[in-house]
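[1] Just need the structure, nothing else, for what follows:
(one chain, ligands or ions: 1)
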Amino acid sequence: AKEPLRVLVTGAAGQIGYALVPMVARGAMLGPDQPVILHMLDIAPAAEALNGVKMELVDAAFPLLKGVVATTDVVEACTGVNVAVMVGGFPRKEGMERKDVMSKNVSIYKSQASALEKHAAPNCKVLVVANPANTNALILKEFAPSIPQKNITCLTRLDHNRALGQVSERLKVQVADVKNVIIWGNHSSTQYPDVNHASVKTSSGAKPVRELVANDEWLKGEFITTLQQRGAAIIKARKFSSALSAASSACDHIRDWVLGTPEVVFAYFWVSMGVYSDGSYHVPAGLIYSFPVTCKNEEWSIVQGLSIDEFSRKKLDATAQELSEEKSLAYSCLQ
Ligand code: NAI
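    Residues are numbered from 1 along each chain as shown. All right, here's what the predicted structure looks like:
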């Protein structure tokens, strides 16, 4: 039998946490034969709610779940963890300045970075979900220098999955038959969902999404804006964040990273992940930026050599620009 892996979920008493922990305990993140020990962190005002979640995890009698740590102590939460899913953060409240929200999150991610660096298992993999996700991940990277930079990522898989969903709805095809959309850049309203390399499996072979949609106006307009605003549309409808789909996508992100993306002969199958830029596609190095990646042997690599047309170039640059500004704002909060 496999040794259990320890999975940290911060903000575990929140909306996403509540949807995520049962998925992890059922094997949706690390596979159906991988036992897990859940570490759940939240802050003092949520301690009682967190304990309620722990009670429910006991009651659900998940066979793969070998233990639960529910705590408000960051060190206890981070100790020995193999995977860290960072969902806790400070939300933007009405009337708050961007800088004030950034400042709160910078201080949270700075201190949690130090705790992870000192106490997590070697080679711990980190996924930041809490917004501003890319910049929180960057701060975490800066303050956990001994964690390999390749191990620190942020979630854009939800946007990627949403793009697959929109294409599938539009073309009335199965979502599993759509592949290789790309989310470039920031997990924000400047993200660029790109279908220029996406295809659909049909009875007569793979067909480009562009050709099947045959409506550039939709692809360059409504498709992009729908995705950029999807999070807000769900909050409007549900009065809460898109917790179910965020939790499910977080599982997809870690699962593909750890177990590998499907290998396809003479073709690619990629997913989108927010990762530390090495300058690929002329994206400034030193930003956490969403790229198309394949994963093998527990490592991601950016898919190289994709053609970028002029329309796309502008979009890639605009979202990079926003991330550079976020980075400066975050650094200004450190002083
Ligand atoms: P929520 O407000 O329901 O839960 C957040 C939880 O984090 C709360 O229980 C809170 O007490 C806790 N928390 C706050 N500060 C903390 C700290 N320092 N340490 C540990 N826990 C702390 O929010 P929800 O809906 O679960 O969303 C969580 C985050 O995920 C938000 O920042 C949201 O914007 C983001 N998000 C990101 C998505 C993505 O695709 N990257 C998609 C949807 C949401």
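
[2] contacts, neighbours, all on C-alpha from now
    Noted.

[3] Contacts only, for Ile16.
    87, 241-244, 246-247 (Cα atoms under 8 Å, 6 or more residues apart in numbering).

[4] most surrounded residue in these?
    Comparing the contacts of Ile16 by number of neighbours (other Cα atoms under 10 Å), Val87 comes first, having 28 neighbours.

[5] mind checking how far that residue is from Trp184?
    Computed as Cα to Cα, to the nearest Å, the Val87 to Trp184 distance reads 21 Å.

[6] If we look just around the ligand, which residues of this structure are in range?
    Neighbours of the ligand within the chain, by Cα under 6 Å from any ligand atom: 10-17, 41-43, 46, 87-91, 108, 129-131, 133, 155-156, 158, 241-243, 246.

[7] please redo it, this time with the cut-off set to 5 Å
    Selection of the chain residues close to the ligand by Cα under 5 Å from any ligand atom yields 10-11, 13-16, 42, 87-89, 129-131, 155, 241, 246.

[8] What is the nearest of those to Leu329?
    Leu329 has its nearest neighbour among those in Asn131, at 14.2 Å by Cα to Cα.

[9] I'd guessed the closest one sits against Met86; true?
    No. Using Cα atoms under 8 Å, Asn131 makes no contact with Met86, being 9.9 Å away.

[10] Of these two, which one has the most company?
    Met86 (26 against 23).

[11] State the pLDDT value of that one.
    Looking at Met86, its pLDDT is 98.

[12] cool, Lys93 as well?
    80.

[13] Would you map the helices across the protein?
    Along the chain, the segments classed as helices by DSSP state H run 15-25, 47-60, 74-78, 98-119, 133-142, 157-171, 209-213, 216-220, 222-228, 230-238, 243-259, 310-334.

[14] From Ile302, how far off is the residue of the stretch 101-250 of the chain found nearest the ligand?
    Per Cα to the nearest ligand atom, Ala130 is where the stretch 101-250 of the chain lies closest to the ligand, at 3.5 Å. Per Cα to Cα, Ala130 is found 23 Å from Ile302.

[15] Which one of the two is surrounded by more residues?
    Here Ala130 and Ile302 are set side by side on neighbour count (other Cα under 10 Å), and the busier one is Ala130, at 24 against 20.

[16] List the residues that contact the closest residue to the more buried one other than its chain neighbours.
    Distances taken as Cα to Cα, 6 or more residues apart in numbering place Val87 nearest to Ala130, at 4.7 Å, with adjacent residues excluded. For Val87, the contact set (Cα under 8 Å, 6+ apart) comprises 9-12, 16-17, 128-130.

[17] could you dump those to JSON lines with pLDDT?
    Listed next are the contacts of Val87 as JSON lines, based on pLDDT from 0 to 100:
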{"residue": "Val9", "pLDDT": "99"}
{"residue": "Thr10", "pLDDT": "98"}
{"residue": "Gly11", "pLDDT": "98"}
{"residue": "Ala12", "pLDDT": "98"}
{"residue": "Ile16", "pLDDT": "97"}
{"residue": "Gly17", "pLDDT": "98"}
{"residue": "Val128", "pLDDT": "98"}
{"residue": "Val129", "pLDDT": "98"}
{"residue": "Ala130", "pLDDT": "97"}
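
[18] So for Asn196, what's the nearest residue that isn't a sequence neighbour?
    With sequence-adjacent residues excluded and distances taken as Cα to Cα, 6+ apart, Asn196 is closest to Arg210, at 6.5 Å.

[19] Surely that neighbour and Val195 touch.
    Yes. Counting by Cα under 8 Å, Val195 is a contact partner of Arg210 at 7.0 Å.

[20] These two: which is more packed in?
    Applying other Cα under 10 Å to Arg210 and Val195 shows that Val195 carries more neighbours, namely 22 against 16.

[21] quick one, what contacts the more buried one?
    Contacts of Val195 by Cα under 8 Å, 6+ apart are 180-182, 209-210, 219.

[22] Just the buried residues from the residues you listed, in PyMOL please.
    Applied in PyMOL, the following selects the buried portion of the contacts of Val195 according to 16 or more other Cα atoms under 10 Å:
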select buried, resi 180+181+182+209+210+219
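
[23] As a markdown table, the contacts of Val195 with distance to Val36 would be great.
    Below are the contacts of Val195 laid out as a markdown table (distance: Cα to Cα, whole Å):
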| residue | distance to Val36 |
| --- | --- |
| Asn180 | 31 |
| Val181 | 31 |
| Ile182 | 31 |
| Val209 | 39 |
| Arg210 | 42 |
| Leu219 | 41 |
